[in-house]
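>>> Here is a sequence together with a model predicted from it:
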Amino acid sequence: MDQVVCTGEEGYLSSCSFDGWGIHDCSHSEDAGVVCSQPTVYHGDEFDVRLIGGPSHSEGRLEVLYNGTWGTVCDDRFTIVNAQIVCKQLGYLGAVKVYPRAHYGSGTGPIILDNVQCRGSEQLLSQCIHLEFFFSDCSHSEDVGLVCSNESMHVLPNATVYLVGGDEVFEGRVEVEINGTRGTVCHDYWDFLDAQVVCRQLGFPGALRATHSATFGMGTGPILLDNVECVGSETNLGQCDYWSIGEHNCVHEEDAGVVCLDTQPTVPVRLVAGSSSAEGRLELYYQGTWGTICDDNWDYNDAVVVCRELGFPGAVSALGSDAFGPGSTKQRILLDNVRCVGTETDLLSCPHDPIGVSDCTHVEDASVICNGHLVPPVRLVGGADLNEGVVQVYLNETWGTVCGDQWTMKEANVVCRQLGYSEATRLANTGEFSRVNGSVLLQNVYCTGLESFLTSCVHDEVGKITIPSCQDHTGDVGVICTGTPILAPVRLAGSENSYEGRVEIWYSGVWGTICDEDWDSTDAIVVCRMLGLRTEGARGIAGARYATLAKLYSQRGVNIDLYDTIKYERIGL
């Protein structure tokens with residue numbers, strides 16, 4: 001590849017523009033590389049804070065004292081929730097405004113903190129997570145400032161949400177109305193969790209995807225929200241983290257949008273008290289209030305129905321005994337003895353006791369953990385080429401095989417399409433490929449053939465393998481796919497760290513490099529996203545900084561085998 005130009009929003013490197021496969025005027029001294037954001041964050045080291053450059057002591061540029069040095073804080077991801085922690089640490093009741101872009105002037109010392117993220121319960125800014133000290137991709141033009149107050153606390157308003165410009169009612173540019181003013185939302189940090197909140201607020205069961213760069217046309221009013229970051233469990237977009245209302249560094253070409261799942265739920269359900277939108281205590285909205293579900297007879301099939309209703313591709317586990325904490329004593333327990341088969345479209349379609357009739361207490365509240373990844377990864381291993389092999393799926397933070405009992409071409413086609421191939425040629429016989437060790441994760445998989453992901457198909461609980469022929473890998477299923485994969489795999493080579501290295505891409509049966517002409521951070525973001533790595537702070541590296549593959553392996557005294565050296569590092573899945 002040469003002359004690669006990405007916008008940064010692409011999901012795959014092969015979706016970016018480039019001169020064409022194999023067309024270039026480069027040598028390997030120009031091989032491109034990337035450094036993805038490291039998967040580590042820091043918190044806990046105490047430091048002082050102060051406000052400088054404002055007209056009063058209660059406002060100004062935020063500076064922190066670390067190891068005897070005062071420095072500034074970058075405005076990336078810095079929102080009113082973070083400001084609240086700073087102001088309370090300084091002795092004020094709270095924060096009323098956040099100012100990005102060096103509103104109180106640029107600092108002169110080092111930039112000490114970047115990507116600060118507080119939950120809101122911290123007592124000190126040092127208790128919030130952030131990137132490594134002095135590690136930042138900012139300049140002092142991005143120094144953050146804030147306004148504290150002893151008179152009124154910042155109250156997150158409810159936002160009325162609209163979808164505009166789409167061809168269907170379930171898609172469009174996101175517009176919000178807050179305090180009587182209507183405007184758009186900037187796409188900075190706009191992601192699937194934010195889209196989930198919008199779609200659920202509008203009554204849809206979940207989001208299909210978040211869109212960027214004015215996909216549904218540009219708005220004309222003010223841009224009201226920027227740097228929106230939702231946990232995913234919020235019931236209103238105004239409850240999410242963001243810069244102060246009306247503060248932004250965007251233009252309407254960056255208006256955010258969503259595409260929601262187009263099936264209207266009969267009764268809304270939600271997950272609360274989890275660490276992400278994919279897990280938590282299950283609650284049901286009935287007659288104007290949210291209530292819980294008792295864990296009597298609660299099992300994996302029930303969790304599958306709930307997760308699909310919420311827009312997730314599948315379930316990981318069903319939990320009881322208030323695993324995510326009990327509901328409020330003011331809440332009703334609305335359902336008991338739920339008995340889903342697993343194919344129902346919503347929870348109330350499952351058999352259950354009459355609504356509101358239960359002999360449970362809140363210590364028996366039911367919970368679920370859903371498969372929260374938009375594209376649960378699958379791969380083929382042990383074959384002579386990338387388009388064939390034993391099927392493995394990544395669930396519960398591990399790769400494992402799939403038992404082929406009852407498998408047909410419908411299941412095989414779903415796997416091949418998820419990998420980017422057009423379809424499956426055939427199912428592979430047991431023993432046709434190299435035997436794979438490790439866990440067997442799925443059995444009794446049943447697909448209609450229309451699913452986008454294997455984990456969207458009906459299957460038994462992850463890791464619960466009861467069929468004897470499945471337990472010893474003799475039942476592992478393999479497939480052979482046909483066609484050139486649309487989603488060309490990439491890998492990082494030449495570094496000891498999994499998050500950085502020379503970029504190599506698989507095409508027509510060989511691994512090749514990418515020329516560094518026009519290679520920049522937006523291209524690097526796409527690569528890091530493909531590999532499942534964090535994209536914040538990702539940067540492109542030019543000039544063949546990383547050793548060639550042959551040199552790297554000859555130094556270690558290891559024979560080069562392309563299939564043995566393929567790595568799909570996915571940190572944080």
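Now that the structure is in, tell me what you want to look at. Numbers count the residues shown, from 1 in each chain.

>>> ok, now which ones touch the closest residue to residue 407 other than its chain neighbours?
Distances taken as Cβ to Cβ, 6 or more residues apart in numbering place residue 477 nearest to residue 407, at 5.1 Å, with adjacent residues excluded. Using the backbone N, CA and C atoms, a C-beta is placed for each residue, glycine as well. Shown in contact with residue 477 (Cβ atoms under 8 Å, 6 or more residues apart in numbering): 390-391, 401-404, 407, 411, 427-428.

>>> just checking, which of these belong to helices?
residue 411 (DSSP state H).

>>> Distance to residue 518 and pLDDT added to the contacts of residue 477, as a markdown table?
Output for the contacts of residue 477, formatted as a markdown table (distance: Cβ to Cβ, whole Å; pLDDT from 0 to 100):
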| residue | distance to residue 518 | pLDDT |
| --- | --- | --- |
| 390 | 39 | 92 |
| 391 | 37 | 93 |
| 401 | 41 | 92 |
| 402 | 41 | 93 |
| 403 | 47 | 92 |
| 404 | 45 | 87 |
| 407 | 45 | 89 |
| 411 | 41 | 92 |
| 427 | 43 | 90 |
| 428 | 41 | 85 |
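
>>> which of the contacts of residue 477 lies closest to residue 523?
Closest approach to residue 523 among those (Cβ to Cβ): residue 391, at 31.1 Å.

>>> That closest one: neighbour count?
30 (other Cβ atoms under 10 Å).

>>> quick one: it and residue 383 touch, right?
No - using Cβ atoms under 8 Å as the test, residue 391 is too far from residue 383 to be in contact (10.6 Å).

>>> which residues do these two both contact?
Residues touching both residue 391 and residue 383 by Cβ under 8 Å, 6+ apart: residue 478.

>>> any chance you could map the helices in the stretch 201-350 of the chain?
Per DSSP state H, counting those that start in this stretch, the stretch 201-350 of the chain carries helices over the ranges 300-309.

>>> nope, the chain is what I was after
Taking DSSP H as the criterion, the chain carries its helices at 80-89, 192-201, 300-309, 409-418, 468-471, 521-530, 549-556, 562-565.

>>> what separates the residue nearest to residue 407 from residue 445, distance-wise?
For residue 477, the distance to residue 445 equals 8 Å [Cβ to Cβ, to the nearest Å].

>>> and for these two, which residues touch both?
In contact with both residue 477 and residue 445: 402-403, 407, 411, using Cβ under 8 Å, 6+ apart.

>>> ok, these vs residue 260, which is closest?
Residue 260 has its nearest neighbour among the shared contacts of residue 477 and residue 445 in residue 411, at 27.8 Å by Cβ to Cβ.

>>> Could you count how many residues lie near the closest one?
26.

>>> separation between the closest residue to it other than its chain neighbours and residue 284?
Closest residue in space to residue 411, ignoring its immediate chain neighbours: residue 447 at 4.7 Å, by Cβ to Cβ, 6+ apart. According to Cβ to Cβ, residue 447 and residue 284 sit 29 Å apart.

>>> now do residue 292
According to Cβ to Cβ, residue 292 stands 8 Å off from residue 284.

>>> In terms of neighbours, single out the busier of those two.
Higher neighbour count among residue 292 and residue 284: residue 292, with 26 against 21, using other Cβ under 10 Å.

>>> From what I see, the more buried one and residue 363 are in contact.
No - judged on Cβ under 8 Å, residue 292 makes no contact with residue 363 at a distance of 10.7 Å.

>>> what's the overlap in contacts for those two?
Residues touching both residue 292 and residue 363 by Cβ under 8 Å, 6+ apart: none at all.

>>> returning to what we had before: list the contacts for the residue nearest to residue 411?
Residue 447 makes contact with 410-411, 413-414, 454, 456-458 under the criterion Cβ under 8 Å, 6+ apart.

>>> With residue 147 instead?
With the criterion set at Cβ under 8 Å, 6+ apart, residue 147 makes contact with 54, 58-59, 95-97, 99.

>>> try it again with 10 Å
By Cβ atoms under 10 Å, 6 or more residues apart in numbering, the residues touching residue 147 are 51, 54, 56, 58-60, 83, 87, 92, 95-99, 103-104, 154, 244.

>>> Over to residue 480?
For residue 480, the contacting residues are 380, 383, 385, 387-389, 412, 416, 421, 424-428, 432-433, by Cβ under 10 Å, 6+ apart.

>>> again, only this time at 8 Å
383, 387-388, 424-428.

>>> per-residue pLDDT, it?
You'll see residue 480 listed with a pLDDT of 93.
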